[in-house]
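J.: I would like the atomic coordinates for the input below:
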Amino acid sequence: MSVIFGGMGLFSFVTALFHGTMPQLSEAILSESGSAVELVVKILGSICLWSGVMEVAEQSGITGKFCPNCGKPKPAPAPAAGSWTCSCGATATGKFCPECGARKPEAPAIWDCPCGAKNITSKFCPECGKPKA
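T.: Below is the predicted model of the structure:
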C-alpha cells in the first residue's frame, strides 16, 4: 500500500515538474494535509471514547462474564472436588461452613441386610423390616 501511495506521489511530482504546475501541487499538498489532520483528530476522539467505555466495562466486571468469541454467558464454574453445600447456601470444602460455621453433615452409613437387600441408608431394611445391626 505504501508503494502505491509513494508511486502516486512521485508521479504527481514528476508531472507537475514537467508541466510547470509546482505551485499548484504545493498548495494542494498543504491544503489537503490540513484535512488529513482533522480526520486523524476525529478518529482519535472516537478511539479515546471507545477505550474509556471498555475500561469502565472491564472494571465493572461485565466483560469477563461473556464468551469473547460468541457473546454467550460463560458457564458457572464446576464445584471443587469434595465440596458440599451448607443449609445457608454457601459452598464449602472443609469440615465447617466458612459463612455460618455449621458442621459438614455426615454421610449416611450404608449397610447390607442378611435378607439380601444392598446399599441401605435407613435404620430399617425396606425389604424385611429388620433393624440395622
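
J.: And the pLDDT at residue 55?
T.: pLDDT recorded at residue 55 is 89.

J.: what about it, helix or strand, and which?
T.: Following DSSP states H and E, one finds residue 55 within helix 22-60.

J.: Just the buried residues of that helix, please?
T.: Within helix 22-60, no residue is scored as buried using 16 or more other CB atoms under 10 Å. Every residue, glycine included, has its C-beta placed from N, CA and C.

J.: any idea how far residue 87 is from the spatially most central residue of the chain?
T.: Centroid check for the chain by CA atoms, centre = their mean gives residue 64 as the closest residue, at 3.2 Å. Noted for residue 64: a distance of 30 Å to residue 87, by CB to CB, to the nearest Å.

J.: ok so, going back, now do the same for the residue nearest to the centre of the chain: helix, strand or coil?
T.: Using DSSP: H, G, I helix; E, B strand; the rest coil, the structure places residue 64 in helix.

J.: which other residues reach the helix or strand containing residue 5?
T.: Assigned by DSSP H and E, residue 5 belongs to helix 2-19. Residues from elsewhere that reach helix 2-19, judged by CB atoms under 8 Å, 6 or more residues apart in numbering: 21, 22, 24, 25.

J.: Count residues in the vicinity of the residue nearest to the last one when sequence neighbours are not counted, would you?
T.: Right, residue 25. Among residues not flanking residue 25 along the chain, residue 16 sits closest, at 4.0 Å (CB to CB, 6 or more residues apart in numbering). Counted with other CB atoms under 10 Å, the neighbours of residue 16 add up to 16.

J.: Could you do the one 5 residues further on as well?
T.: Using other CB under 10 Å, residue 21 is surrounded by 14 other residues.

J.: how near is the closest residue to it other than its chain neighbours to residue 93?
T.: Spatial nearest neighbour of residue 21, excluding adjacent residues (CB to CB, 6+ apart): residue 15 at 7.9 Å. As defined by CB to CB, residue 15 lies at a distance of 78 Å from residue 93.

J.: And residue 3, by the same measure?
T.: In terms of CB to CB, residue 3 sits 63 Å off from residue 93.

J.: Among these two, which residue is more densely surrounded?
T.: It is residue 93, of residue 3 and residue 93, that has more neighbours when counted by other CB under 10 Å, with 12 against 7.
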